[in-house]
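[1] From the sequence below, what's the structure:
(2 chains)
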Number of protein chains: 2
Amino acid sequence: MTSPTWLYENFEPSGSAIGFRITRKLDEVQSPFQKIEVFESTDWGNVMLIDGAMMVTTRDNFLYHEMMSHPALFTHPDPKQVVIIGGGDCGTLREVLRHPGVERAVQCDIDEQVTRMSEKHFPELCESNGDPRAEVLFDDGIAYMANCAPGSLDVVIVDATDPVGPAVGLFNKAFFESCFRALKDDGILVQQSESPLVLLDLIRDMRAEMGKAGFDSFQTLPFPQPCYPSGWWSCTLARKGGRGFDFREADAAAKVFETKYYSAGIHAAAQVMPPFMAEALG
Amino acid sequence: MTSPTWLYENFEPSGSAIGFRITRKLDEVQSPFQKIEVFESTDWGNVMLIDGAMMVTTRDNFLYHEMMSHPALFTHPDPKQVVIIGGGDCGTLREVLRHPGVERAVQCDIDEQVTRMSEKHFPELCESNGDPRAEVLFDDGIAYMANCAPGSLDVVIVDATDPVGPAVGLFNKAFFESCFRALKDDGILVQQSESPLVLLDLIRDMRAEMGKAGFDSFQTLPFPQPCYPSGWWSCTLARKGGRGFDFREADAAAKVFETKYYSAGIHAAAQVMPPFMAEALG
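    Numbering: from 1, shown residues only, chains lettered A, B, ... in the order given. Below is the predicted model:
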């Protein structure tokens, strides 16, 4: 039994750090794309890092996974065909498949090792991988979206790492154009969009790139996320055809599955931008 | 010019840490009560620590100070007499005094050195200290509340450090009884109540102690706060006489001062508890 030590992620773009008290390293693999490590912590369950950046903890991942999936799926009138780009830990896939109306959910992560590590150390996130509606691919998400049949998807969720390394190509106009083309006329794109407290410029730039790709409505929803820099994170929804973001509030309130953070009330509350965000995002 | 280093607070109760990239130590004083340090950071302005715990940064203190003051002051029908226990950095006092109806705001912090350090390194937080309605005392807040005239106050704000060290007596029944006695019949007590993600037990216990002291309605409002453990924090309001927490929404929407985080919409949104909080707090 070694005594606990502290493991930190120093996030250079924000000049702030996040850390957890850990007891031991459970696993490590260097994939062709990145280094993946899993530690056991004293209070947060297991912690997965990719290239030194905190990705998932057992305790707090529900916040991110619920907010990356349910707001979009309860905004779309009838989501049947869903694609997740990235998302290799499979937590977003699990949440998407909680919606009985979803007929097919494809998860396309470039790095198979993320999923293998998640299966071992976060098995609860992978419990829907065997669902007959699920398709788990290990491939280049940029190419996958470029090759998707036009007008074939209801929701695309980009559950990627920070916009550096393998994920950098998931934050620009060319990729968003592929998403725009693949989505049906009432389709919704969701992208994880970093901390609204420290990276508002990135969110503004990302929305601008989405706009150049043809999307005309944007909604950035903040939520708490202790394992990511600043502890406050966001997803950004983009939509075609001037449809806006009224959501199926009655359906959300009557949903047939349990959630820990998401609710119809939280969905509505997350739509309220504090003045500093409203000013920066216009 | 030294190169930047990383300064961390390891928060033992949550097993998580917060850190900032700092360039130099600006000041340090050992008061009779605690050690106060101020550092210059690369991205967060100045950072004040008390006994190694992050207290205030130039960049993110607006979140805490706005949420410790405006929800309570816009819930009370006509707050005139306000007492702040703790709050030595003077940021809460400044926010309270933005309300034109406030006739007197007393700040009672046990440690004068906190205010002296704030005057030097966070002068913007102290810009209302000379307001004729402000009274800045350096005294024991527990004794101050015990000696307050019964039924003399509209709002009491407990802006204290964590419930260890000098602040431990600010989280129990005896102190809450003093607050209850000092408040008028429609008075409101506000207490900073730590992270709802990691210390829900503390919030539940604190609400129970407030209940034993006579308060019968409670409201815990979460908000983001990067410099505190988990990045998600809360204040808890307690009220007498079964009045609940409807707030003066029209007044809040028409307020005559600027805020960066607080708004009528954010106030309403913060009242929505996510399912995991609602379950724990009942």
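[2] How about the residue of the stretch 151-282 of chain A at minimum distance from chain B, nearest residue that isn't a chain neighbour?
    Among the residues of the stretch 151-282 of chain A, residue A:231 lies nearest to chain B; the distance is 1.2 Å by C-beta to the nearest C-beta. C-betas here are computed from N, CA, C, even on glycine. The spatial neighbour of residue A:231 that comes closest, neighbours along the chain excluded (C-beta to C-beta, 6 or more residues apart in numbering or on different chains), is residue B:231 at 1.2 Å.
[3] And that neighbour, how far from residue B:39?
    Distance, residue B:231 to residue B:39, using C-beta to C-beta, to the nearest Å: 19 Å.
[4] Between the two, which is the more surrounded one?
    Residue environment comparison for residue B:231 versus residue B:39 gives the larger neighbour count to residue B:231, 28 against 23, counting by other C-beta atoms under 10 Å in any protein chain shown.
[5] Quick check: phi and psi on the more buried one?
    Taking degrees, to the nearest 10, you get phi 80, psi 0 for the backbone angles of residue B:231.
[6] for it, what are its contacts?
    By C-beta atoms under 8 Å, 6 or more residues apart in numbering or on different chains, residue B:231 lies in contact with A:18, A:224-226, A:230-232, B:18, B:224-225.
[7] Distance-wise, check it relative to residue A:174.
    Distance, residue B:231 to residue A:174, by C-beta to C-beta: 33 Å.
[8] Likewise for residue A:90?
    Residue A:90 sits 27 Å away from residue A:174, taking C-beta to C-beta as the criterion.
[9] more neighbours, the two?
    Neighbours per residue, other C-beta under 10 Å: of residue A:90 and residue A:174, the larger number sits with residue A:90, 28 against 13.
[10] what's the burial count for the residue lying closest to that one once chain neighbours are set aside?
    Spatial nearest neighbour of residue A:90, excluding adjacent residues (C-beta to C-beta, 6+ apart): residue A:126 at 4.5 Å. By other C-beta under 10 Å, 20 other residues sit near residue A:126.
[11] And the one 4 residues further on, by the same measure?
    Counted with other C-beta under 10 Å, residues neighbouring residue A:130 total 8.
[12] Name every strand pairing with the helix or strand hosting residue A:37 and say which way it goes.
    Assignment of secondary structure by DSSP states H and E places residue A:37 within strand A:35-41. Looking at strand A:35-41 with DSSP bridges, its paired strands and their directions are strand A:16-30 (antiparallel), strand A:46-50 (antiparallel).
[13] State the mean pLDDT of the longest helix anywhere in chain A.
    As assigned by DSSP state H, the longest helix anywhere in chain A is helix A:61-75. Throughout helix A:61-75, pLDDT has a mean value of 98.
[14] which residues touch the residue nearest to residue A:25 when sequence neighbours are not counted?
    Once its chain neighbours are removed from consideration, residue A:25 has its nearest residue in residue A:39; the separation is 5.4 Å (C-beta to C-beta, 6+ apart). Residues in contact with residue A:39 (C-beta under 8 Å, 6+ apart) are A:7, A:20, A:22-26, A:46-47, A:49.
[15] what sits against the residue lying closest to residue A:65 once chain neighbours are set aside?
    Here the nearest residue to residue A:65 in space, its sequence neighbours aside, is residue A:91; by C-beta to C-beta, 6+ apart that works out to 3.9 Å. Contacts were defined as C-beta under 8 Å, 6+ apart; by that measure residue A:91 touches A:56, A:61, A:64-65, A:118, A:122, A:125.
[16] Any chance of TSV for these, columns neighbour count?
    Supplementary listing: the contacts of residue A:91 in TSV, determined by neighbours: other C-beta atoms under 10 Å in any protein chain shown:
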residue	neighbour count
A:56	27
A:61	22
A:64	25
A:65	25
A:118	26
A:122	22
A:125	26
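[17] Helix, strand or coil: sort out residue A:14 for me.
    With DSSP: H, G, I helix; E, B strand; the rest coil as the basis, residue A:14 sits in coil.
[18] My read is that it contacts residue A:233, right?
    No: the pair residue A:14 and residue A:233 fails to qualify as a contact (C-beta atoms under 8 Å) at a distance of 11.9 Å.
[19] Please say which of those two ends up with more neighbours.
    For residue A:14 versus residue A:233, the count of surrounding residues by other C-beta under 10 Å is larger for residue A:233: 27 against 21.
[20] Beyond the lowest-mean-pLDDT helix or strand in chain A, next helix or strand please.
    The helix or strand with the lowest mean pLDDT-type score in chain A, counting by mean pLDDT, DSSP states H and E, is helix A:200-212 (a mean of 92). Scanning forward in sequence from helix A:200-212, with DSSP H and E defining helices and strands, the next element found is strand A:217-224.
[21] Tell me which residues of that next one come out buried.
    Of the residues in strand A:217-224, those scored as buried under the neighbour-count criterion (16 or more other C-beta atoms under 10 Å in any protein chain shown) are A:217-224.
[22] For residue A:96, grab phi and psi.
    Residue torsions, per degrees, to the nearest 10, at residue A:96 are phi -60, psi -40.
[23] if I look at it, how far off is chain B?
    Applying C-beta to the nearest C-beta, to the nearest Å, the value for residue A:96 to chain B is 19 Å.
[24] show me what contacts that residue?
    Counting by C-beta under 8 Å, 6+ apart, the residues that residue A:96 touches are A:69, A:73, A:82, A:84, A:102, A:105, A:155, A:157.
[25] okay, these in JSON lines with distance to chain B and neighbour count next?
    Below are these laid out as JSON lines (distance: C-beta to the nearest C-beta, whole Å; neighbours: other C-beta atoms under 10 Å in any protein chain shown):
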{"residue": "A:69", "distance to chain B": "15", "neighbour count": "32"}
{"residue": "A:73", "distance to chain B": "17", "neighbour count": "26"}
{"residue": "A:82", "distance to chain B": "23", "neighbour count": "28"}
{"residue": "A:84", "distance to chain B": "23", "neighbour count": "30"}
{"residue": "A:102", "distance to chain B": "22", "neighbour count": "21"}
{"residue": "A:105", "distance to chain B": "23", "neighbour count": "28"}
{"residue": "A:155", "distance to chain B": "23", "neighbour count": "26"}
{"residue": "A:157", "distance to chain B": "21", "neighbour count": "28"}
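[26] Show me what from the stretch 1-150 of chain A comes close to chain B.
    Where proximity means C-beta under 8 Å from any C-beta of the partner chain, the interface of the stretch 1-150 of chain A facing chain B comprises A:4, A:6, A:8, A:10, A:12, A:14-21, A:41-44, A:60, A:62.
[27] Next up, the contacts around the residue most central in space within chain A.
    What sits nearest the mean C-alpha location of chain A, by C-alpha atoms, centre = their mean, is residue A:159, with 3.3 Å. Remark: with contacts taken as C-beta under 8 Å, 6+ apart, residue A:159 is in contact with A:68, A:84-87, A:92, A:192.
[28] do the same with residue A:17
    When contacts are counted by C-beta under 8 Å, 6+ apart, residue A:17 is found next to A:8-11, A:229, B:6, B:8, B:17-21.
[29] For residue A:48, see how far away it is.
    Counting by C-beta to C-beta - residue A:17 and residue A:48 are separated by 17 Å.
[30] With residue A:58 instead?
    On the measure of C-beta to C-beta, residue A:58 and residue A:48 end up 9 Å apart.
[31] what's next to stretch A:106-117, contact-wise?
    By C-beta under 8 Å, 6+ apart, the list of residues contacting stretch A:106-117 from outside reads A:27, A:29, A:31-34, A:36, A:38, A:48, A:50, A:82-90, A:92-93, A:126, A:134-141, A:144, A:166.
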